[in-house]
Every structure is written in C-alpha cells, then in structure tokens.
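Chemist: Compute the structure for the input listed below.
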Amino acid sequence: MGQTQVALDSLDRSLRSDPGHEQAALMRGLLLLQLGDRDGAIATWESANAARSSPRLEQVTTMAREGKTFDEIVNNPL
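Modeler: Numbers count the residues shown, from 1 in each chain. Okay, here's the model as predicted:
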C-alpha cells in the first residue's frame, strides 16, 4: 500500500470517528485535490462543514468550486 493510500485511510478513520474534524477534512480534501479529484475534495469539505461549521472549510470549498489550484488554495490565508 502506497503512502498516499495510507494517508487517505488514516484521514478516513479520523472522519468516521469525528465527521466534523476540520484538520482531517482539510488534509483529505487537499490530498484529493492534488490527486486530481476536485469533486471528492469538495464533497469531503462539504460533509465535514455540515457536521461542524467551519469558515476555513467554507473558504476552501468556494475556492475549489471557482477552479482554484491546489497551490492557490494552500497559499491563501484565512
């Protein structure tokens, strides 16, 4: 199993335990975005934000919907 899959599995476990875990959702979404799965990233952020409102998750979701790149998202301060 590659490092990427190990990371995704770990983040999935965290989100199953706490669906609103902002950091786990943020990292999972960014990893998916970097892998080219923009829809998966947005779905991750929306799901976590629905469980526990987060201005940061709202911001990255909006940026991803606008077509911003991984670099543009991670380099944008909240």
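Chemist: Please make it C-alpha for all contacts and neighbour counts, starting now.
Modeler: Fine.
Chemist: Tell me the confidence at residue 78?
Modeler: Per-residue pLDDT puts residue 78 at 70.
Chemist: distance of the residue nearest to it when sequence neighbours are not counted from residue 48?
Modeler: Using C-alpha to C-alpha, 6 or more residues apart in numbering and skipping residues adjacent in sequence, the residue nearest residue 78 is residue 56, 6.4 Å away. If you measure residue 56 against residue 48 using C-alpha to C-alpha, to the nearest Å, the figure is 11 Å.
Chemist: And these two? Which one has more around it.
Modeler: residue 48 (23 against 16; other C-alpha atoms under 10 Å).
Chemist: which SSE is the more buried one in?
Modeler: Following DSSP states H and E, one finds residue 48 within helix 38-51.
Chemist: Give me the helices and strands touching that helix, please.
Modeler: helix 22-34, helix 55-65 (3 or more C-alpha pairs under 8 Å, 6 or more residues apart in numbering; DSSP states H and E).
Chemist: of all the ones you listed, which lies closest to residue 10?
Modeler: The closest of the helices and strands packed on helix 38-51 to residue 10 is helix 22-34. By C-alpha to C-alpha, the value is 8.9 Å.
Chemist: tell me which residues in the closest one are buried?
Modeler: 22, 24, 25, 26, 27, 28, 29, 30, 31, 32, 33 (16 or more other C-alpha atoms under 10 Å).
Chemist: Find the centremost residue of the chain, please.
Modeler: residue 29 (2.1 Å; C-alpha atoms, centre = their mean).
Chemist: my guess is that residue contacts residue 39, does it?
Modeler: No: taking contacts as C-alpha atoms under 8 Å, residue 29 lies outside contact range of residue 39: 9.3 Å.
Chemist: Quick check: neighbours shared by those two?
Modeler: With contacts defined as C-alpha atoms under 8 Å, 6 or more residues apart in numbering, no residue is adjacent to both residue 29 and residue 39.
Chemist: How confident was the prediction at residue 36?
Modeler: 96.
Chemist: backbone phi and psi for it, please?
Modeler: phi 90, psi 10 (degrees, to the nearest 10).
Chemist: which residues touch it?
Modeler: So residue 36 contacts nothing (C-alpha under 8 Å, 6+ apart).
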